[in-house]
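K.L.:
Structure for the following, please:
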Amino acid sequence: MKNKTADILFCAALGLMLVICFAGLRRSHGFSFYENRSLAPRPAVTAAALWDGSFGEGLEDWLTDRAPWRETMLRCRTAVDLALRRPVVNDIVPRGDMLLAFNEYDRDSNTEKLEKNTLKRAKRTIRLARAVEGYGGQYLCAVLPNQGSYYADSYPSYLNDLSRFRETVLPLFRAQMEKGGVSYLDVGKVAESEGHPDIYSSRTDHHYSMQGALGTWEAIVAALRAEGVDISFDDAYTLKTVPNPYLGSRNRKLMGLRYNDEKLQAVVFDTPVAFERFNNGKQAEPTLYKQLRDSTSPVDYSFYMGGDIGEVVLKTHRPEKPTVLIYGESYVNALETFAFVSCDEFRSVDPRHYKDMTLAAYIKKYQPDIVIGLTDYTMLDQTTGAGDPFGETK
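P.N.:
This is a model prediction of the structure:
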């Protein structure tokens, strides 16, 4: 009788666990907000997948990503690791109120590969600059330090601060730009000449701050003017602080457990410039910042321009101003909220998301007066996205 009762209890417990598990699977979304990635898809049942074992591996990933209370468990584990003061938590290096990215030790160990890829990207950049010059446009290559490079001294000595990467890639890329006669701007050098202001980079996100974005555009305008280009920037503005807690990309990976007093900011011009906005060829609301529901909910970097979009066009209908195209990664987002006032037409392209044509074909089609390539140091050895303007990387 006792064995029968135990069997019944065991089956009931097993059934309850299955119900909970399947309920969790049904409720789970296809994207993990804090991990900023898509969850593993349901594996397809095919003869080939069953034979080579990939179905079992895919099923394990799918079930793991959709375990009940997965996010709660991840948050608890992260909280414990932070309380234990582990040097690296979820690939983040907590340093006081600063959160830095963990860099793999082999990221810059193969200098031969770094040099090869850097040279390939540099040659493509020179070809693109020649194409712009071919129709009478002006090209500028602008590079800037990412957060880890800007605060490299904050890394503990036993972790990789990518100093070898910068020592290998930066001089090589700069030398190639000079050899190819391409206008080149290192925004990091400009920041150093100004005393390396802490306000130029975020402490909890991999992007720059709004002050850093403003400093970058001012440096770009100055570099273009030094080349004889007629462009200016109206500095009659104020910075408005967004009261919401800022969920930077580093804190996001820590499940939002490491907020500090850092806030986002928005540029408000004394004399606003009217504009039309187009996203991926379709007219959109003429907004520059994401509309917030309240002043207490966390806000992230997608506050600027609504996040990463393949193509954004801002038209001010002032033909006396130049037409400008800036391409690169998400650093462009904050910059374009104010840089457009310098232009008749301001275009931004994120090659990671824009797939209608190659970057070179896009430039040939629209022939902007000024083309600016903007990227951070750690992308200079990458030969996809912005590093593949002619669509040559397979």
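K.L.:
elements contacting the helix or strand where residue 222 lies?
P.N.:
Element membership for residue 222 (DSSP states H and E) is helix 210-226. The contact analysis (3 or more CB pairs under 8 Å, 6 or more residues apart in numbering; DSSP states H and E) places helix 210-226 against strand 138-144, strand 183-186, helix 187-193, strand 265-269, helix 331-339, strand 370-376. Just so you know, the C-beta spots here come from the backbone N, C-alpha and C atoms, and that holds for glycine as well.
K.L.:
who's in contact with that helix?
P.N.:
Helix 210-226 has contacts (CB atoms under 8 Å, 6 or more residues apart in numbering) with 138, 140, 142, 144, 183, 185, 187, 190-191, 194, 197, 199-202, 208, 231-233, 235, 239, 264-267, 331, 334-335, 338-339, 342, 370, 372, 374.
K.L.:
for stretch 376-386, same thing?
P.N.:
114, 117-118, 120-121, 124, 143-146, 148-149, 162, 165-166, 169-170, 173, 188, 327-329, 331, 351-352, 359, 373, 375, 387, 393.
K.L.:
And the residue lying closest to residue 298 once chain neighbours are set aside, its phi and psi?
P.N.:
Excluding the flanking residues, the one nearest residue 298 by CB to CB, 6 or more residues apart in numbering is residue 247, at 4.1 Å. Backbone torsions of residue 247, given as degrees, to the nearest 10, read phi -90, psi 90.
K.L.:
any idea of the pLDDT on residue 247?
P.N.:
The per-residue pLDDT reported for residue 247 equals 94.
K.L.:
What separation is there between it and residue 388?
P.N.:
From residue 247 over to residue 388 the distance is 31 Å, taken as CB to CB, to the nearest Å.
K.L.:
can you check residue 362 too?
P.N.:
Per CB to CB, residue 362 is found 13 Å from residue 388.
K.L.:
can you check residue 126 too?
P.N.:
14 Å.
K.L.:
check contacts around the residue most central in space within the chain.
P.N.:
Per CA atoms, centre = their mean, the C-alpha nearest to the average position across the chain is that of residue 330, at 4.3 Å. By CB under 8 Å, 6+ apart, residue 330 lies in contact with 207, 301, 307-308, 350.
K.L.:
Make a ChimeraX selection of the buried ones in those.
P.N.:
This is the ChimeraX syntax for the buried subset of the contacts of residue 330, where burial follows 16 or more other CB atoms under 10 Å:
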select :207,301,350
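K.L.:
in the helix holding residue 222, what counts as buried?
P.N.:
By 16+ other CB under 10 Å, the buried positions in helix 210-226 come out as 210, 212-217, 219-221, 223-224.
K.L.:
Just the mean pLDDT for that helix, thanks.
P.N.:
Helix 210-226 carries an average pLDDT of 97.
K.L.:
Over to stretch 187-204?
P.N.:
Averaged across stretch 187-204, pLDDT comes to 95.
K.L.:
Pull up the distance across that stretch, start to finish.
P.N.:
Taking CA to CA, to the nearest Å, the first and last residues of stretch 187-204 lie 20 Å apart.
K.L.:
Which residues does that stretch contact?
P.N.:
Under CB under 8 Å, 6+ apart, the answer for stretch 187-204 is 97-99, 142-145, 147, 149-151, 208-209, 211-212, 215-216, 219, 246, 248-251, 258-260, 262, 377.
K.L.:
Just the buried subset of these, please.
P.N.:
Neighbour counting by 16+ other CB under 10 Å classes 98-99, 142-145, 147, 149-151, 208-209, 212, 215-216, 219, 246, 248-251, 258, 262, 377 among these as buried.
K.L.:
gap between the residue nearest to residue 298 and residue 253?
P.N.:
10 Å.
K.L.:
Between the two, which has more neighbouring residues?
P.N.:
Between residue 247 and residue 253, counting by other CB atoms under 10 Å, residue 247 is the more crowded of the two (23 against 20).
K.L.:
Please determine how far that one is located from residue 382.
P.N.:
As for residue 247, its distance to residue 382 is 26 Å (criterion: CB to CB).
K.L.:
again, but for residue 302
P.N.:
According to CB to CB, residue 302 and residue 382 sit 22 Å apart.
K.L.:
Who has more neighbours out of those two?
P.N.:
Using other CB under 10 Å, the more surrounded residue of residue 302 and residue 382 is residue 382, with 17 against 13.
K.L.:
before we move on, back to that, put together JSON lines for the helices and strands packed on helix 210-226, with distance to residue 104 on each row.
P.N.:
Output for those, formatted as JSON lines (distance: least, CB to CB, whole Å):
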{"stretch": "strand 138-144", "distance to residue 104": "22"}
{"stretch": "strand 183-186", "distance to residue 104": "25"}
{"stretch": "helix 187-193", "distance to residue 104": "22"}
{"stretch": "strand 265-269", "distance to residue 104": "33"}
{"stretch": "helix 331-339", "distance to residue 104": "22"}
{"stretch": "strand 370-376", "distance to residue 104": "17"}
